[in-house]
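A.B. asks: turn this into a structure:
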Amino acid sequence: MNTHISYIEANRQRMLDELLELLRIPSVSADPKYKDEVKRTAEWVAEALRKAGVSHVEICPTNGHPIVYAEHIVSNDVPTVLCYGHYDVQPPDPLDLWTSPPFEPVIKDGKIYARGSADDKGQFYMHIKAFETMKNTTGIPCNIKFLIEGEEEVGSDNLYTFVKTNAQKLKADVVLISDTHMIANDIPSIEYGLRGLSYMEVELTGPNKDLHSGLFGGAVDNPINVLCKMIASLKDENNRITIPGFYDKVVELSTQERAFINQAPFNHQEYCKALEIADTNGEKGYTVLEQTSIRPTLDVNGIWGGYTGEGAKTVLPSKAYAKISMRLVPNQDPQEISELFEKHFISIAPKTVKVKVSYHHGGYPAVTPIDSAGFQAANKAMEATFGKKPIPTRGGGSIPIVALFERELGIKSVLMGFGLESDAIHSPNEHYGVFNYFKGIETIPLFHQYFAELA
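C.D. replies: Purely as a prediction, here's the structure:
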(Lines give C-alpha, C1' and ligand atoms only; values in the text may rest on other atoms or scores of the structure.)
Protein backbone atom coordinates (compact mmCIF):
# COMPACT_ATOMS: atom_id res chain seq x y z
CA MET A 1 0.00 0.00 0.00
CA ASN A 2 2.84 2.41 0.83
CA THR A 3 4.20 1.84 -2.68
CA HIS A 4 0.85 2.96 -4.10
CA ILE A 5 0.80 6.09 -1.93
CA SER A 6 4.36 7.00 -2.89
CA TYR A 7 3.52 6.73 -6.60
CA ILE A 8 0.32 8.75 -6.21
CA GLU A 9 2.13 11.50 -4.29
CA ALA A 10 4.93 11.64 -6.87
CA ASN A 11 2.35 12.06 -9.66
CA ARG A 12 -0.29 13.99 -7.72
CA GLN A 13 -0.25 17.25 -9.69
CA ARG A 14 -0.28 15.49 -13.06
CA MET A 15 -3.22 13.28 -12.02
CA LEU A 16 -5.13 16.36 -10.89
CA ASP A 17 -4.29 18.32 -14.04
CA GLU A 18 -5.53 15.45 -16.22
CA LEU A 19 -8.89 15.46 -14.45
CA LEU A 20 -9.20 19.22 -14.91
CA GLU A 21 -8.49 18.78 -18.63
CA LEU A 22 -11.23 16.16 -18.87
CA LEU A 23 -13.68 18.44 -17.04
CA ARG A 24 -13.10 21.22 -19.57
CA ILE A 25 -14.76 19.17 -22.34
CA PRO A 26 -18.53 19.88 -22.29
CA SER A 27 -19.80 16.33 -22.83
CA VAL A 28 -23.52 17.11 -22.43
CA SER A 29 -25.29 14.04 -23.86
CA ALA A 30 -28.81 15.52 -23.77
CA ASP A 31 -28.09 18.44 -26.12
CA PRO A 32 -27.37 17.62 -29.81
CA LYS A 33 -25.22 20.74 -30.17
CA TYR A 34 -22.60 19.07 -27.95
CA LYS A 35 -22.43 15.89 -30.07
CA ASP A 36 -18.88 16.57 -31.31
CA GLU A 37 -17.72 17.39 -27.78
CA VAL A 38 -19.17 14.13 -26.48
CA LYS A 39 -17.29 12.25 -29.19
CA ARG A 40 -14.12 14.17 -28.33
CA THR A 41 -14.53 13.13 -24.70
CA ALA A 42 -14.77 9.46 -25.67
CA GLU A 43 -11.55 9.81 -27.67
CA TRP A 44 -9.87 11.59 -24.75
CA VAL A 45 -10.89 8.80 -22.33
CA ALA A 46 -9.68 6.09 -24.72
CA GLU A 47 -6.30 7.79 -25.03
CA ALA A 48 -6.09 8.15 -21.23
CA LEU A 49 -6.64 4.39 -20.87
CA ARG A 50 -3.87 3.70 -23.39
CA LYS A 51 -1.47 6.05 -21.59
CA ALA A 52 -2.29 4.30 -18.29
CA GLY A 53 -1.07 1.04 -19.80
CA VAL A 54 -4.30 -0.82 -20.56
CA SER A 55 -3.44 -3.39 -23.22
CA HIS A 56 -6.60 -3.19 -25.36
CA VAL A 57 -8.74 -0.08 -25.86
CA GLU A 58 -11.53 0.55 -28.37
CA ILE A 59 -14.25 3.08 -29.06
CA CYS A 60 -17.52 1.31 -29.84
CA PRO A 61 -20.05 3.23 -31.96
CA THR A 62 -23.73 3.06 -31.00
CA ASN A 63 -26.89 4.61 -32.40
CA GLY A 64 -26.13 7.48 -30.04
CA HIS A 65 -22.93 8.43 -28.28
CA PRO A 66 -19.95 6.03 -28.32
CA ILE A 67 -18.95 3.59 -25.58
CA VAL A 68 -15.32 3.29 -24.52
CA TYR A 69 -14.36 -0.32 -23.84
CA ALA A 70 -10.96 -1.51 -22.62
CA GLU A 71 -9.51 -4.63 -21.07
CA HIS A 72 -6.28 -5.80 -19.49
CA ILE A 73 -6.14 -9.59 -19.18
CA VAL A 74 -3.30 -10.92 -17.02
CA SER A 75 -4.33 -14.57 -16.60
CA ASN A 76 -7.18 -17.03 -16.97
CA ASP A 77 -6.51 -18.10 -13.40
CA VAL A 78 -7.47 -14.83 -11.71
CA PRO A 79 -10.90 -13.18 -11.36
CA THR A 80 -12.13 -10.37 -13.60
CA VAL A 81 -13.44 -6.99 -12.49
CA LEU A 82 -15.59 -4.87 -14.83
CA CYS A 83 -15.25 -1.16 -13.99
CA TYR A 84 -18.25 0.91 -15.11
CA GLY A 85 -18.51 4.68 -15.40
CA HIS A 86 -19.94 7.40 -17.64
CA TYR A 87 -18.21 10.33 -19.28
CA ASP A 88 -21.35 12.29 -20.20
CA VAL A 89 -22.67 15.03 -17.93
CA GLN A 90 -25.88 16.86 -17.15
CA PRO A 91 -26.64 20.19 -18.89
CA PRO A 92 -25.12 23.04 -16.85
CA ASP A 93 -28.28 25.22 -16.74
CA PRO A 94 -29.15 27.52 -15.08
CA LEU A 95 -25.82 29.17 -15.86
CA ASP A 96 -26.47 32.31 -13.83
CA LEU A 97 -26.44 30.30 -10.59
CA TRP A 98 -22.86 29.09 -11.07
CA THR A 99 -20.18 30.98 -9.16
CA SER A 100 -17.64 29.99 -11.85
CA PRO A 101 -18.13 28.73 -15.44
CA PRO A 102 -19.26 25.07 -15.39
CA PHE A 103 -16.63 23.89 -17.87
CA GLU A 104 -13.76 25.92 -16.50
CA PRO A 105 -12.85 23.90 -13.39
CA VAL A 106 -11.84 25.88 -10.32
CA ILE A 107 -10.42 24.49 -7.07
CA LYS A 108 -11.76 26.29 -3.99
CA ASP A 109 -11.59 25.11 -0.38
CA GLY A 110 -10.25 21.75 -1.47
CA LYS A 111 -13.11 21.13 -3.92
CA ILE A 112 -13.10 20.96 -7.72
CA TYR A 113 -16.03 23.02 -9.05
CA ALA A 114 -17.13 21.91 -12.51
CA ARG A 115 -19.99 20.11 -14.21
CA GLY A 116 -19.27 16.37 -14.06
CA SER A 117 -16.64 16.65 -11.33
CA ALA A 118 -18.50 14.25 -9.01
CA ASP A 119 -20.94 12.77 -11.51
CA ASP A 120 -19.11 10.95 -12.91
CA LYS A 121 -15.85 12.15 -14.46
CA GLY A 122 -13.98 12.58 -11.19
CA GLN A 123 -15.17 9.21 -9.97
CA PHE A 124 -14.59 7.06 -13.06
CA TYR A 125 -11.23 8.68 -13.74
CA MET A 126 -10.04 7.45 -10.32
CA HIS A 127 -10.22 3.92 -11.74
CA ILE A 128 -7.94 4.78 -14.65
CA LYS A 129 -5.42 6.42 -12.33
CA ALA A 130 -5.69 3.47 -9.91
CA PHE A 131 -4.90 1.13 -12.80
CA GLU A 132 -1.89 3.28 -13.73
CA THR A 133 -0.73 3.18 -10.12
CA MET A 134 -0.91 -0.62 -9.95
CA LYS A 135 0.72 -1.02 -13.37
CA ASN A 136 3.70 1.06 -12.30
CA THR A 137 4.10 -0.38 -8.80
CA THR A 138 2.78 -3.71 -7.50
CA GLY A 139 1.31 -5.02 -10.77
CA ILE A 140 -2.28 -5.86 -11.77
CA PRO A 141 -3.65 -8.60 -9.46
CA CYS A 142 -6.72 -9.50 -11.53
CA ASN A 143 -8.14 -9.03 -15.00
CA ILE A 144 -9.68 -5.58 -15.38
CA LYS A 145 -12.22 -4.43 -17.96
CA PHE A 146 -13.50 -0.87 -18.41
CA LEU A 147 -16.94 0.07 -19.73
CA ILE A 148 -17.34 3.84 -19.87
CA GLU A 149 -20.47 5.09 -21.63
CA GLY A 150 -21.67 8.45 -22.89
CA GLU A 151 -25.43 8.25 -22.34
CA GLU A 152 -26.02 7.62 -18.63
CA GLU A 153 -27.59 11.03 -18.16
CA VAL A 154 -30.14 10.32 -20.93
CA GLY A 155 -31.17 6.79 -19.95
CA SER A 156 -28.37 4.49 -21.23
CA ASP A 157 -30.61 3.12 -23.98
CA ASN A 158 -27.73 2.14 -26.25
CA LEU A 159 -25.78 0.64 -23.36
CA TYR A 160 -28.64 -1.83 -22.87
CA THR A 161 -28.22 -3.00 -26.47
CA PHE A 162 -24.42 -3.11 -26.14
CA VAL A 163 -24.51 -5.23 -22.97
CA LYS A 164 -27.04 -7.66 -24.42
CA THR A 165 -25.03 -8.19 -27.60
CA ASN A 166 -21.58 -8.29 -25.96
CA ALA A 167 -22.17 -10.56 -22.98
CA GLN A 168 -19.07 -12.66 -23.72
CA LYS A 169 -16.82 -9.63 -24.13
CA LEU A 170 -18.09 -8.20 -20.84
CA LYS A 171 -17.86 -11.48 -18.92
CA ALA A 172 -16.60 -10.78 -15.40
CA ASP A 173 -16.95 -11.83 -11.78
CA VAL A 174 -18.08 -8.47 -10.38
CA VAL A 175 -18.88 -4.92 -11.54
CA LEU A 176 -17.14 -2.09 -9.68
CA ILE A 177 -18.91 1.29 -9.83
CA SER A 178 -17.98 4.64 -8.33
CA ASP A 179 -21.07 6.76 -9.04
CA THR A 180 -22.43 7.03 -5.50
CA HIS A 181 -21.52 8.86 -2.31
CA MET A 182 -20.25 8.18 1.20
CA ILE A 183 -21.76 9.46 4.45
CA ALA A 184 -18.80 11.80 5.13
CA ASN A 185 -15.07 12.04 4.57
CA ASP A 186 -14.50 10.66 8.06
CA ILE A 187 -17.42 8.19 7.90
CA PRO A 188 -16.85 5.84 4.94
CA SER A 189 -19.80 3.83 3.69
CA ILE A 190 -20.66 1.40 0.88
CA GLU A 191 -24.06 1.20 -0.75
CA TYR A 192 -25.17 -2.39 -1.13
CA GLY A 193 -28.63 -1.74 -2.53
CA LEU A 194 -30.54 0.66 -4.78
CA ARG A 195 -34.21 1.27 -5.31
CA GLY A 196 -35.85 0.72 -8.67
CA LEU A 197 -38.09 3.18 -10.48
CA SER A 198 -41.37 3.44 -12.30
CA TYR A 199 -42.07 6.86 -13.83
CA MET A 200 -45.55 7.72 -15.13
CA GLU A 201 -47.36 10.67 -16.66
CA VAL A 202 -51.13 11.13 -16.37
CA GLU A 203 -53.47 13.33 -18.38
CA LEU A 204 -57.05 14.12 -17.41
CA THR A 205 -59.49 15.64 -19.91
CA GLY A 206 -62.79 17.16 -18.87
CA PRO A 207 -64.68 19.48 -21.23
CA ASN A 208 -63.57 19.72 -24.86
CA LYS A 209 -62.13 23.23 -24.35
CA ASP A 210 -61.24 25.66 -21.59
CA LEU A 211 -64.41 27.18 -20.11
CA HIS A 212 -65.41 30.38 -18.26
CA SER A 213 -65.30 29.43 -14.58
CA GLY A 214 -68.19 31.79 -13.78
CA LEU A 215 -70.52 30.39 -16.44
CA PHE A 216 -69.63 26.71 -15.99
CA GLY A 217 -67.99 26.42 -12.55
CA GLY A 218 -70.07 24.45 -10.07
CA ALA A 219 -71.61 22.28 -12.75
CA VAL A 220 -68.74 21.03 -14.93
CA ASP A 221 -66.06 19.02 -13.15
CA ASN A 222 -62.67 20.73 -13.11
CA PRO A 223 -59.92 18.27 -14.21
CA ILE A 224 -57.35 19.91 -11.90
CA ASN A 225 -59.66 19.50 -8.89
CA VAL A 226 -60.32 15.90 -9.88
CA LEU A 227 -56.62 15.17 -10.41
CA CYS A 228 -55.75 16.56 -6.97
CA LYS A 229 -58.37 14.35 -5.32
CA MET A 230 -57.16 11.28 -7.21
CA ILE A 231 -53.52 11.91 -6.29
CA ALA A 232 -54.43 12.54 -2.65
CA SER A 233 -56.15 9.16 -2.52
CA LEU A 234 -52.97 7.31 -3.56
CA LYS A 235 -51.73 7.39 0.06
CA ASP A 236 -53.55 6.68 3.33
CA GLU A 237 -53.25 8.40 6.71
CA ASN A 238 -50.09 6.37 7.48
CA ASN A 239 -48.50 7.35 4.15
CA ARG A 240 -48.86 3.84 2.78
CA ILE A 241 -49.59 3.60 -0.95
CA THR A 242 -53.15 2.50 -1.63
CA ILE A 243 -52.70 0.89 -5.06
CA PRO A 244 -54.03 -2.70 -4.76
CA GLY A 245 -51.19 -5.23 -5.00
CA PHE A 246 -48.46 -2.58 -4.67
CA TYR A 247 -46.84 -4.18 -1.62
CA ASP A 248 -47.46 -7.82 -2.54
CA LYS A 249 -43.83 -8.57 -3.46
CA VAL A 250 -42.07 -6.11 -1.15
CA VAL A 251 -39.38 -7.89 0.85
CA GLU A 252 -39.62 -7.04 4.55
CA LEU A 253 -36.16 -6.73 6.06
CA SER A 254 -35.07 -8.52 9.21
CA THR A 255 -34.59 -6.67 12.48
CA GLN A 256 -30.84 -7.20 12.09
CA GLU A 257 -30.70 -5.61 8.64
CA ARG A 258 -32.86 -2.69 9.74
CA ALA A 259 -30.45 -2.15 12.64
CA PHE A 260 -27.59 -2.23 10.12
CA ILE A 261 -29.16 0.60 8.12
CA ASN A 262 -29.75 2.70 11.23
CA GLN A 263 -26.06 2.54 12.17
CA ALA A 264 -25.52 5.54 9.93
CA PRO A 265 -25.33 8.78 11.93
CA PHE A 266 -28.54 10.77 11.62
CA ASN A 267 -29.80 13.83 13.46
CA HIS A 268 -33.46 14.51 12.76
CA GLN A 269 -33.33 18.10 13.97
CA GLU A 270 -30.32 18.95 11.78
CA TYR A 271 -31.93 17.15 8.82
CA CYS A 272 -35.06 19.30 9.09
CA LYS A 273 -33.05 22.47 9.70
CA ALA A 274 -30.96 21.93 6.57
CA LEU A 275 -34.13 21.55 4.49
CA GLU A 276 -35.95 24.37 6.33
CA ILE A 277 -38.90 22.14 7.17
CA ALA A 278 -40.69 21.77 10.51
CA ASP A 279 -40.83 17.96 10.45
CA THR A 280 -40.69 14.86 8.27
CA ASN A 281 -43.77 12.87 7.30
CA GLY A 282 -42.95 9.43 5.89
CA GLU A 283 -44.43 5.96 6.10
CA LYS A 284 -45.46 5.19 9.68
CA GLY A 285 -43.38 2.57 11.48
CA TYR A 286 -40.07 3.31 9.74
CA THR A 287 -37.17 5.66 10.47
CA VAL A 288 -36.16 8.39 8.02
CA LEU A 289 -33.13 6.32 7.00
CA GLU A 290 -35.46 3.40 6.24
CA GLN A 291 -38.08 5.55 4.53
CA THR A 292 -35.44 6.87 2.13
CA SER A 293 -33.78 3.56 1.30
CA ILE A 294 -35.66 0.31 1.95
CA ARG A 295 -39.30 1.38 1.52
CA PRO A 296 -41.11 2.05 -1.75
CA THR A 297 -42.43 5.55 -2.44
CA LEU A 298 -44.86 7.47 -4.61
CA ASP A 299 -44.24 11.14 -5.36
CA VAL A 300 -45.69 13.75 -7.67
CA ASN A 301 -42.77 15.25 -9.60
CA GLY A 302 -44.79 17.86 -11.43
CA ILE A 303 -48.42 18.96 -11.81
CA TRP A 304 -49.88 21.51 -14.20
CA GLY A 305 -52.91 22.68 -16.14
CA GLY A 306 -55.10 25.74 -16.68
CA TYR A 307 -53.74 29.27 -16.54
CA THR A 308 -50.34 29.81 -14.89
CA GLY A 309 -49.31 33.15 -16.39
CA GLU A 310 -49.16 36.59 -14.81
CA GLY A 311 -52.33 38.05 -13.35
CA ALA A 312 -55.73 36.35 -13.33
CA LYS A 313 -57.72 34.39 -15.87
CA THR A 314 -60.95 32.82 -14.66
CA VAL A 315 -60.67 29.60 -16.60
CA LEU A 316 -62.06 26.14 -15.96
CA PRO A 317 -59.39 24.10 -17.77
CA SER A 318 -59.99 21.34 -20.24
CA LYS A 319 -56.96 19.33 -19.16
CA ALA A 320 -54.74 18.60 -16.16
CA TYR A 321 -51.43 16.74 -16.04
CA ALA A 322 -49.04 15.22 -13.53
CA LYS A 323 -45.77 13.32 -13.53
CA ILE A 324 -45.62 10.64 -10.85
CA SER A 325 -42.65 8.47 -9.87
CA MET A 326 -42.50 5.40 -7.67
CA ARG A 327 -39.25 4.17 -6.13
CA LEU A 328 -39.27 0.40 -5.88
CA VAL A 329 -37.61 -2.14 -3.60
CA PRO A 330 -36.78 -5.85 -4.04
CA ASN A 331 -38.72 -7.78 -5.53
CA GLN A 332 -40.93 -5.19 -7.21
CA ASP A 333 -41.04 -5.29 -11.01
CA PRO A 334 -41.28 -1.82 -12.64
CA GLN A 335 -43.46 -3.08 -15.48
CA GLU A 336 -45.84 -4.83 -13.09
CA ILE A 337 -46.03 -1.80 -10.80
CA SER A 338 -46.70 0.47 -13.78
CA GLU A 339 -49.59 -1.74 -14.85
CA LEU A 340 -51.00 -1.79 -11.31
CA PHE A 341 -50.75 2.00 -11.17
CA GLU A 342 -52.48 2.47 -14.53
CA LYS A 343 -55.32 0.08 -13.70
CA HIS A 344 -55.92 1.69 -10.31
CA PHE A 345 -55.63 5.28 -11.48
CA ILE A 346 -58.17 4.74 -14.25
CA SER A 347 -60.50 2.92 -11.83
CA ILE A 348 -60.66 5.81 -9.33
CA ALA A 349 -61.47 8.47 -11.94
CA PRO A 350 -65.05 9.78 -12.00
CA LYS A 351 -66.96 9.47 -15.26
CA THR A 352 -66.72 13.26 -15.70
CA VAL A 353 -63.13 12.97 -16.97
CA LYS A 354 -61.18 10.85 -19.41
CA VAL A 355 -57.82 9.47 -18.22
CA LYS A 356 -54.65 8.73 -20.18
CA VAL A 357 -51.67 7.09 -18.44
CA SER A 358 -48.23 6.98 -20.11
CA TYR A 359 -45.14 5.09 -18.96
CA HIS A 360 -41.90 7.07 -19.32
CA HIS A 361 -39.16 4.80 -18.00
CA GLY A 362 -38.16 2.60 -15.10
CA GLY A 363 -35.56 0.32 -13.62
CA TYR A 364 -35.26 -2.67 -11.33
CA PRO A 365 -34.04 -2.49 -7.73
CA ALA A 366 -30.77 -4.26 -6.91
CA VAL A 367 -29.06 -5.60 -3.80
CA THR A 368 -25.53 -7.02 -3.41
CA PRO A 369 -25.13 -9.47 -0.49
CA ILE A 370 -22.81 -8.02 2.14
CA ASP A 371 -21.13 -11.41 2.56
CA SER A 372 -20.13 -11.55 -1.14
CA ALA A 373 -16.46 -11.43 -2.18
CA GLY A 374 -16.98 -8.11 -3.95
CA PHE A 375 -18.56 -6.35 -0.99
CA GLN A 376 -16.01 -7.79 1.42
CA ALA A 377 -13.13 -6.67 -0.82
CA ALA A 378 -14.53 -3.13 -0.86
CA ASN A 379 -15.07 -3.28 2.89
CA LYS A 380 -11.45 -4.29 3.55
CA ALA A 381 -10.06 -1.74 1.09
CA MET A 382 -11.94 1.20 2.60
CA GLU A 383 -11.12 0.12 6.14
CA ALA A 384 -7.42 0.05 5.19
CA THR A 385 -7.37 3.56 3.70
CA PHE A 386 -9.86 5.31 6.00
CA GLY A 387 -8.76 3.55 9.20
CA LYS A 388 -12.30 2.50 10.13
CA LYS A 389 -14.89 0.03 8.88
CA PRO A 390 -17.31 1.49 6.33
CA ILE A 391 -21.00 1.50 7.19
CA PRO A 392 -23.22 -0.54 4.84
CA THR A 393 -26.04 1.62 3.43
CA ARG A 394 -28.96 1.20 1.05
CA GLY A 395 -29.29 3.94 -1.56
CA GLY A 396 -32.60 5.67 -2.15
CA GLY A 397 -31.89 6.46 -5.78
CA SER A 398 -31.84 4.28 -8.86
CA ILE A 399 -29.00 3.18 -11.16
CA PRO A 400 -30.86 0.98 -13.68
CA ILE A 401 -27.65 -0.39 -15.22
CA VAL A 402 -26.89 -2.24 -11.96
CA ALA A 403 -29.96 -4.41 -12.48
CA LEU A 404 -29.07 -4.68 -16.19
CA PHE A 405 -25.64 -6.14 -15.39
CA GLU A 406 -27.21 -8.62 -13.00
CA ARG A 407 -29.92 -9.62 -15.46
CA GLU A 408 -27.79 -9.87 -18.63
CA LEU A 409 -24.34 -10.80 -17.27
CA GLY A 410 -25.37 -12.62 -14.11
CA ILE A 411 -23.05 -10.59 -11.88
CA LYS A 412 -23.51 -8.30 -8.90
CA SER A 413 -22.21 -4.75 -8.63
CA VAL A 414 -20.20 -3.13 -5.85
CA LEU A 415 -21.04 0.54 -5.36
CA MET A 416 -17.84 1.98 -3.92
CA GLY A 417 -18.40 5.69 -4.40
CA PHE A 418 -16.26 8.48 -2.95
CA GLY A 419 -18.55 11.46 -3.48
CA LEU A 420 -20.60 13.24 -0.84
CA GLU A 421 -24.32 13.99 -0.75
CA SER A 422 -23.39 17.69 -0.65
CA ASP A 423 -21.55 17.59 -4.01
CA ALA A 424 -24.50 19.28 -5.78
CA ILE A 425 -24.61 16.80 -8.66
CA HIS A 426 -27.11 17.81 -11.38
CA SER A 427 -27.17 21.29 -9.80
CA PRO A 428 -25.26 24.53 -10.28
CA ASN A 429 -21.84 24.56 -8.57
CA GLU A 430 -21.34 20.81 -8.70
CA HIS A 431 -18.08 19.95 -6.97
CA TYR A 432 -15.88 17.03 -5.93
CA GLY A 433 -13.32 16.99 -3.16
CA VAL A 434 -9.63 16.74 -4.04
CA PHE A 435 -9.37 14.53 -0.94
CA ASN A 436 -12.09 12.25 -2.32
CA TYR A 437 -10.44 11.98 -5.73
CA PHE A 438 -7.09 10.87 -4.34
CA LYS A 439 -8.65 8.69 -1.64
CA GLY A 440 -10.38 6.78 -4.43
CA ILE A 441 -7.13 6.35 -6.36
CA GLU A 442 -5.53 5.05 -3.15
CA THR A 443 -8.40 2.66 -2.27
CA ILE A 444 -9.27 1.10 -5.63
CA PRO A 445 -5.98 -0.84 -6.02
CA LEU A 446 -6.65 -2.49 -2.66
CA PHE A 447 -10.10 -3.54 -3.85
CA HIS A 448 -8.50 -5.40 -6.76
CA GLN A 449 -5.90 -6.95 -4.47
CA TYR A 450 -8.46 -8.19 -1.92
CA PHE A 451 -10.91 -9.34 -4.59
CA ALA A 452 -8.17 -11.44 -6.22
CA GLU A 453 -7.65 -13.08 -2.82
CA LEU A 454 -11.31 -13.56 -1.88
CA ALA A 455 -13.03 -14.44 -5.18
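A.B. asks: which element is residue 59 on?
C.D. replies: Assessed by DSSP states H and E, residue 59 sits inside strand 56-60.
A.B. asks: any idea how far that strand is from the middle of the chain?
C.D. replies: 25 Å (C-alpha atoms, centre = their mean, to the nearest Å).
A.B. asks: residues in contact with residue 26?
C.D. replies: If a contact means C-beta atoms under 8 Å, 6 or more residues apart in numbering, then residue 26 has 34, 37, 89, 92, 102-103, 115 as its contacts. Where C-beta positions appear, they are placed from N, C-alpha and C, glycine not excepted.
A.B. asks: among those residues, who's most crowded?
C.D. replies: Among these, residue 89 has the most neighbours (other C-beta atoms under 10 Å), with 31 neighbours.
A.B. asks: thought that one was touching residue 31?
C.D. replies: No - assessed by C-beta atoms under 8 Å, residue 89 is found out of contact with residue 31, at 10.5 Å.
A.B. asks: which outside residues touch stretch 246-256?
C.D. replies: Outside stretch 246-256, the residues that touch it by C-beta under 8 Å, 6+ apart are 240-241, 261, 294, 296, 329-333, 336-337, 340.
A.B. asks: and which of those residues is nearest residue 374?
C.D. replies: Ranked by distance to residue 374 (C-beta to C-beta), the contacts of stretch 246-256 are led by residue 330 at 17.7 Å.
A.B. asks: what is the least confident helix or strand in this protein?
C.D. replies: Across the helices and strands of the chain, mean pLDDT, DSSP states H and E gives its lowest value to helix 255-261, namely a mean of 88.
A.B. asks: tell me the contacts of the residue nearest the centre of the chain?
C.D. replies: By C-alpha atoms, centre = their mean, the mean C-alpha position of the chain lies nearest to residue 399, the distance being 4.5 Å. Shown in contact with residue 399 (C-beta under 8 Å, 6+ apart): 177, 179-180, 194, 363, 366, 415.
A.B. asks: next: residue 8.
C.D. replies: 15, 129, 133, 438, 441-442.
A.B. asks: let's go with 6 Å and repeat that
C.D. replies: 133, 441 (C-beta atoms under 6 Å, 6 or more residues apart in numbering).
A.B. asks: pLDDT on the helix or strand hosting it, on average?
C.D. replies: Counting by DSSP H and E, the element that carries residue 8 is helix 2-10. Mean pLDDT, helix 2-10: 95.
A.B. asks: pull out the buried positions in that helix.
C.D. replies: For helix 2-10, a neighbour-count test (16 or more other C-beta atoms under 10 Å) marks 4, 7-8 as buried.
A.B. asks: which of the residues you listed lies closest to residue 384?
C.D. replies: Relative to residue 384, and with distances defined as C-beta to C-beta, the nearest of the buried residues of helix 2-10 is residue 4, at 10.6 Å.
A.B. asks: tell me how far the closest one lies from residue 245.
C.D. replies: Look at residue 4 and residue 245: by C-beta to C-beta, to the nearest Å, they are 52 Å apart.
A.B. asks: now do residue 183
C.D. replies: For residue 183, the distance to residue 245 - C-beta to C-beta - is 35 Å.
A.B. asks: before we move on, what about residue 254?
C.D. replies: 24 Å.
A.B. asks: tell me the domain ranges of the protein?
C.D. replies: 2-194+365-454, 196-250+296-363 (automatic domain parsing).
A.B. asks: mean confidence for the last one?
C.D. replies: Just to be clear, that refers to domain 196-250+296-363. Mean per-residue pLDDT for domain 196-250+296-363: 96.
A.B. asks: likewise stretch 29-42?
C.D. replies: 97.
A.B. asks: how distant is that stretch from the center of its chain?
C.D. replies: 21 Å.
A.B. asks: what's the answer for stretch 147-154, then?
C.D. replies: With C-alpha atoms, centre = their mean as the basis, the mean position of stretch 147-154 lies at 12 Å from the chain mean.
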